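>>> I'll drop the sequence and a predicted model, then ask my questions.
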Amino acid sequence: MKNKLYRSFLSVLLAAVLSISCEDKLDEPLENEFLVEGTDYSISGNMILMLYGAYAELSVLQWESYPIISVRGDDVNPAGDQFPLTETDVFRYDRNFWMYNSTWLNLYTDLLHWHGAIEEIQKYEEAGANAANAQQYIAEIKVMQGFELILLSRLWGSILIPLESQPSHLFNVELSSFEEVMQHVSELMDEAIPALPSVHPNQRTDVRGGITRFTALAVKAMANLEIQNFPAVAEATGQIISSGAFSLESDYYQLFKIPGKLNDENLLEFQYSDFGQASGTVTRYLWDFFGPASWTPTVSGAGTGWGFWEPTLKYIKFMLDRDEEVRLQTTVLFTPEGIAEIRSDPNYQNLPAWVTNVSPDGDVFNSHPRYNFLSGKYYLPSTQLTPGRFTYGENNNFSVIRYSEILLMHAEAMVGGASSAVMTAEQAVNTVRSRAGLSPLTTVTLDDVLDEKYAEFGTEWGIRFYDLMRYERYDELDYDGRNFQPSMHRFLPYPLEQQDILPQISDAPNAG
């Protein structure tokens, strides 16, 4: 019953949010619309609505935020019509670019709303609601906050850490450095972990797929990895691995499609649903960005997308050189023009037979002026659409944190000097390689770990770019005419509109 209530609440809230245009949002200051006047806190059963609303806010990651978070690595190109986004990919930043400001607003709005939810839950607890439930709900929201603080600091380095729900208090918050943000997130996860259930997210009965202790441990590991606190990474990932609650999905291709929803591999995913009905409300938003602008789907009438997310030729050649099939076929959708582009290099004229513009599900991807390749991890076969539904990607979930990332963070910590009795670096890397159909490695170096992460997470969440930043491997980004300069390009300039509002960032080094 609670899961149905959550889905209903989510669908209504999403419909309300998506009815507001992006331009309208940009014209407004940060506001907190979470609070409801006249709330009766003695009705303790309503406390969980604050949690449902928090999850809804998490899942409504606006489409423009994802490319800003993810675009700068050597695994993906922006293929759309947003010229400043293309310029961002080649490290020519424009602080006036609307997508920077929108991403800033989207993430900070989430953080402020979540503080509002926590404040409301505390009021329910004070009025007599179950204290254990209240603390669990607050802990879940803290994990959401920690995850998005990592995203913000990866983008801008020094940021403001909100401490309450009222936007005006940000005027009095000092900037926290990148290292301070990551330490804050780690401590925030330590606060959250004791109150969270020790189960796989798909085993939760109140909010199926919701945050658990292991999600918090994953976010803690991510934060500590950024500051190379390898013992903390090994300890957090080791707890997840030793729990036995997670395993890699054997079918990598289906992991990113309908059969992969709430999979045993997933520690966190954004959940969407068409409720299995031929018509009605749909909770989805991100998929248009990734979909093919021209295809011949197996299911006639299946909708198109924008084709804005293109895997790089560099990534494709890297995968071909490794004799990757499973992960390359999943990550990249080929068009006739794309195949021709690969073969134009004499070293790649003899491609495997499976490199074709027809997916395993029979959908055909046509050439298009916007791109030569499409992002397969965000591809939903037309045959998996609910009958009667035709919108691209409808009903699919969006992967955020996977167990393979836990394994490879563990391996990275091991080669970084940490120790663990749970699993060696070789065992962790080879577990991931085995699923991809690759032979095991007898020894594992940092190069091996980073290559494995490149192969495993291509086009996902900017993981590749942030790996390169962590180890100052800037030369990898100097391809196709790019010239990465770490002092200028690691962090984006603060959005001009925010510099006009917040004096703390107007004087910061990356003010632009």
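Nice, I can see it.
>>> in what helix or strand does Ser434 lie?
helix 425-435 (DSSP states H and E).
>>> tell me the buried residues in that helix?
Going by neighbour count (16 or more other C-beta atoms under 10 Å), the buried part of helix 425-435 is 425-433, 435. Every C-beta, even on glycine, is put in place using the N, C-alpha and C of the backbone.
>>> angle of the following helix or strand past it against helix 425-435?
Downstream of helix 425-435, the first helix or strand assigned by DSSP H and E is helix 446-457. Going by axes from the mean of the first three to the mean of the last three C-alpha atoms, to 10 degrees, helix 446-457 is angled at 30 degrees with respect to helix 425-435.
>>> now for helix 446-457, which elements pack on it?
With contacts defined as 3 or more C-beta pairs under 8 Å, 6 or more residues apart in numbering; DSSP states H and E, the packing partners of helix 446-457 are helix 313-321, helix 403-415, helix 425-435, helix 463-470.
>>> tell me which residues of that helix are tucked away?
Applying 16+ other C-beta under 10 Å to helix 446-457 flags 448-450, 452-457 as buried.
>>> could you check the angle it makes with helix 463-470?
160 degrees.
>>> quick one: helix 446-457 to chain centroid distance?
Centroid separation for helix 446-457 versus its chain: 18 Å, with C-alpha atoms, centre = their mean, to the nearest Å.
>>> so what touches that helix?
75, 315, 318-319, 322, 324, 327, 404-405, 408, 411-412, 415-416, 425, 429, 432-433, 436, 441, 463-464, 467, 471, 473 (C-beta atoms under 8 Å, 6 or more residues apart in numbering).
>>> narrow the residues you listed to just the buried residues.
By neighbour count, with 16+ other C-beta under 10 Å, the contacts of helix 446-457 hold 75, 315, 318-319, 322, 324, 327, 404-405, 408, 411-412, 415-416, 425, 429, 432-433, 436, 463-464, 467 as buried.
>>> related to what we said a few turns ago, now could you export just the CA positions of the helix holding Ser434 as PDB?
The C-alpha coordinates for helix 425-435 follow below in PDB (Å, rounded to 0.1, in the frame of the first residue of the first chain):
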ATOM      1  CA  ALA A 425      42.000  -5.600  -6.100                       C
ATOM      2  CA  GLU A 426      42.400  -8.500  -8.500                       C
ATOM      3  CA  GLN A 427      39.300 -10.300  -7.300                       C
ATOM      4  CA  ALA A 428      37.200  -7.100  -7.500                       C
ATOM      5  CA  VAL A 429      38.400  -6.200 -11.000                       C
ATOM      6  CA  ASN A 430      38.100  -9.700 -12.300                       C
ATOM      7  CA  THR A 431      34.600 -10.000 -11.000                       C
ATOM      8  CA  VAL A 432      33.600  -7.100 -13.300                       C
ATOM      9  CA  ARG A 433      35.700  -8.400 -16.200                       C
ATOM     10  CA  SER A 434      34.100 -11.800 -16.000                       C
ATOM     11  CA  ARG A 435      30.700 -10.400 -16.500                       C
END
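>>> what is that helix packed up against?
Helix 425-435 sits against helix 403-415, helix 446-457, with contacts defined as 3+ C-beta pairs under 8 Å, 6+ apart.
>>> show me what that helix is in contact with.
Residues outside helix 425-435 that contact it (C-beta under 8 Å, 6+ apart) are 241, 248-250, 252, 326, 404, 407-408, 410-412, 414-415, 439-444, 448-449, 452, 456.
>>> how near is the closest residue to Gly146 other than its chain neighbours to Asn266?
Once flanking residues are discounted, Gly146 sits nearest to Val185: 4.3 Å by C-beta to C-beta, 6 or more residues apart in numbering. For Val185, the distance to Asn266 equals 21 Å [C-beta to C-beta, to the nearest Å].
>>> of these two, who's got more company?
Using other C-beta atoms under 10 Å as the criterion, Val185 and Asn266 rank with Val185 on top: 27 against 23.
>>> ok, that one - contacts?
146, 149-150, 219-220, 223.
>>> and for Asp74?
Contacts of Asp74 by C-beta under 8 Å, 6+ apart are 312, 314-315, 464-465, 468, 476-477, 479.
>>> now flag whichever of those residues is closest to Asn372.
Thr312 (10.2 Å; C-beta to C-beta).
>>> for the closest one, which non-adjacent residue is spatially closest?
Among residues not flanking Thr312 along the chain, Asn77 sits closest, at 5.6 Å (C-beta to C-beta, 6+ apart).
>>> what's the separation between that neighbour and Arg322?
Per C-beta to C-beta, Asn77 is found 20 Å from Arg322.
>>> same question for Asp89.
For Asp89 relative to Arg322 (C-beta to C-beta), the value is 24 Å.
>>> what of Thr431?
With C-beta to C-beta as the criterion, Thr431 and Arg322 are 17 Å apart.
>>> again with Leu408
15 Å.
>>> and for Asn229?
30 Å.
>>> now do Asp264
According to C-beta to C-beta, Asp264 and Arg322 sit 26 Å apart.
>>> ditto for Ser294
Applying C-beta to C-beta, the value for Ser294 to Arg322 is 30 Å.
>>> may I have the phi/psi pair for Tyr371?
Main-chain dihedrals, Tyr371, degrees, to the nearest 10: phi -160, psi 160.
>>> who does the helix or strand where Glu140 lies touch, helix- and strand-wise?
Under the criterion of DSSP H and E, Glu140 resides in helix 131-156. Where contact means 3+ C-beta pairs under 8 Å, 6+ apart, helix 131-156 is packed against helix 47-59, helix 65-70, helix 98-126, strand 159-160, helix 178-192, helix 213-226.
>>> packing partners of the shortest one?
This means strand 159-160. So strand 159-160, by 3+ C-beta pairs under 8 Å, 6+ apart, packs with helix 131-156, strand 175-176.
>>> looking at those, which is buried most?
The highest average neighbour count among those, using mean count of other C-beta atoms under 10 Å, belongs to helix 131-156 at a mean of 22.
>>> related to what we said a few turns ago, right, and the helices and strands packed on helix 425-435 - which one's nearest Lys142?
That would be helix 403-415 among those, by C-beta to C-beta, at 19.6 Å.
>>> give me the angle between the closest one and helix 425-435.
In terms of direction (the same axes, to 10 degrees), helix 403-415 departs from helix 425-435 by 150 degrees.
>>> could you report the pLDDT at Ala428?
Ala428 carries a pLDDT value of 98.
>>> and it, how close does it get to Leu255?
18 Å.
>>> tell me the contacts of the nearest residue to Trp104 once chain neighbours are set aside?
Using C-beta to C-beta, 6+ apart and skipping residues adjacent in sequence, the residue nearest Trp104 is Pro495, 5.1 Å away. Residues near Pro495 by C-beta under 8 Å, 6+ apart: 95, 97, 100-101, 104.
>>> tell me which of those residues is nearest to Asn350?
Using C-beta to C-beta, those come closest to Asn350 at Phe97, 41.9 Å.
>>> for the closest one, grab the count of nearby residues.
Quick note: Phe97 (other C-beta under 10 Å) scores 22 neighbours.
>>> use 20 as the first number from now on
Happy to do that; since the first residue is 20 now, the last one works out to Phe116.
>>> which element is the closest residue to it other than its chain neighbours on?
Nearest non-adjacent residue to Phe116, counting by C-beta to C-beta, 6+ apart: Pro103, 4.0 Å away. Take DSSP H and E as the rule and Pro103 turns out to sit in helix 102-108.
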